[in-house]
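Asks: when you get a sec, could you give me coordinates for this:
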Amino acid sequence: MSFSESAWEIFNQSINDYHLKDDVDTPINNSFQKNTLEWLLYAKNWIDTVQWHLEDIIRDENITPAEALKIKRRIDSSNQQRTDLVEFIDSWFLQKYENITPDYNAKINTETPAWAVDRLSILALKIYHMSLEANRDSASEEHRFNCTNKLNVLLEQKKDLSEAIDQLLFDIENGKIKMKVYKQMKMYNDENLNPVLYQNVKNDQTKS
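Replies: Model (predicted):
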């Protein structure tokens with residue numbers, strides 16, 4: 001089984017596990033051994049799945065401003081966790097390939113393995129939910145037809161992305177591509193980098 005096939009199975013296991021209760025407050029139950037690649041992939045998709053449904057909830061026109069703000073902050077926190085975990089997965093790959101000596105003319109890919117895997121995780125969610133819409137009995141025939149067409153595009157994208165990820169890993173293993181990782185340097189959650197946050201800290205210190 002290729003890496004992308006294994007990752008796809010894990011992502012769908014996470015998605016199916018979530019939908020047993022379909023509740024954003026359901027605790028994660030990651031059965032894989034901690035800090036293995038499988039554990040990281042499951043944890044990554046669980047974050048994506050919960051956030052997917054938080055994004056649905058916040059778009060409810062009847063939601064109160066207070067509840068919307070609460071969820072928006074939860075989404076911000078989830079985005080930070082997602083970024084941290086993607087970077088942790090890249091660290092796993094860096095360690096795996098640390099003894100690989102790239103060719104003198106090795107290229108650098110536009111994205112790292114983990115960020116490509118991030119897109120595959122989101123794609124698993126898109127395919128799951130588009131499949132539901134394509135087969136929803138309460139929807140119109142036109143709706144199901146349109147969603148079926150969209151689903152077919154997503155499935156083709158999944159095939160192409162899976163092949164690209166496996167090829168990227170193959171090229172890294174064989175020295176054709178040099179793996180290089182840059183931190184995302186998210187600023188909005190950091191009270192030392194976000195002007196609104198560090199101004200609030202300064203004001204609090206002045207008051208005290």
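
Asks: show me where pLDDT drops low in the protein?
Replies: Low-confidence segments of the chain (pLDDT under 70): 183-194, 196-208.

Asks: in it, which residue is closest to the centre?
Replies: In the chain, the C-alpha closest to the average C-alpha coordinate belongs to Asp118, at a distance of 4.2 Å (C-alpha atoms, centre = their mean).

Asks: state the phi and psi torsions of that residue.
Replies: In terms of degrees, to the nearest 10, the main-chain angles of Asp118 are phi -60, psi -40.

Asks: number of nearby residues for the nearest residue to it once chain neighbours are set aside?
Replies: The shortest distance from Asp118 to any residue other than its chain neighbours is 5.2 Å, reached at Val86 (C-beta to C-beta, 6 or more residues apart in numbering). (C-beta placed from N, C-alpha, C; glycine too.) Taking other C-beta atoms under 10 Å as the neighbour definition, Val86 ends up with a count of 22.

Asks: please name every helix or strand in contact with the helix or strand harbouring Val86.
Replies: Assigning secondary structure by DSSP states H and E places Val86 in helix 65-96. For helix 65-96, the elements it packs on are helix 37-58, helix 113-134, judged by 3 or more C-beta pairs under 8 Å, 6 or more residues apart in numbering; DSSP states H and E.

Asks: circling back: isn't the residue nearest to the centre of the chain right next to Lys44, touching?
Replies: Yes. Under the contact definition of C-beta atoms under 8 Å, Asp118 touches Lys44, with a separation of 7.2 Å.

Asks: now for those two: what residues contact both?
Replies: Where contact means C-beta atoms under 8 Å, 6 or more residues apart in numbering, the residues bridging Asp118 and Lys44 through contact with each are 82, 86.

Asks: contact partners of stretch 10-17?
Replies: Where contact means C-beta under 8 Å, 6+ apart, the residues beyond stretch 10-17 that reach it are 29, 32, 38, 41-42, 45-46, 49, 120-121, 124-125, 128.

Asks: could you dump those to a markdown table with distance to Asn149 and neighbour count?
Replies: Written out in a markdown table, the entries for the contacts of stretch 10-17 read as follows (distance: C-beta to C-beta, whole Å; neighbours: other C-beta atoms under 10 Å):
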| residue | distance to Asn149 | neighbour count |
| --- | --- | --- |
| Asn29 | 35 | 11 |
| Phe32 | 35 | 15 |
| Glu38 | 34 | 17 |
| Leu41 | 29 | 28 |
| Tyr42 | 31 | 22 |
| Asn45 | 25 | 28 |
| Trp46 | 29 | 23 |
| Thr49 | 24 | 26 |
| Leu120 | 21 | 21 |
| Ser121 | 23 | 23 |
| Ala124 | 19 | 23 |
| Leu125 | 19 | 20 |
| Tyr128 | 17 | 18 |
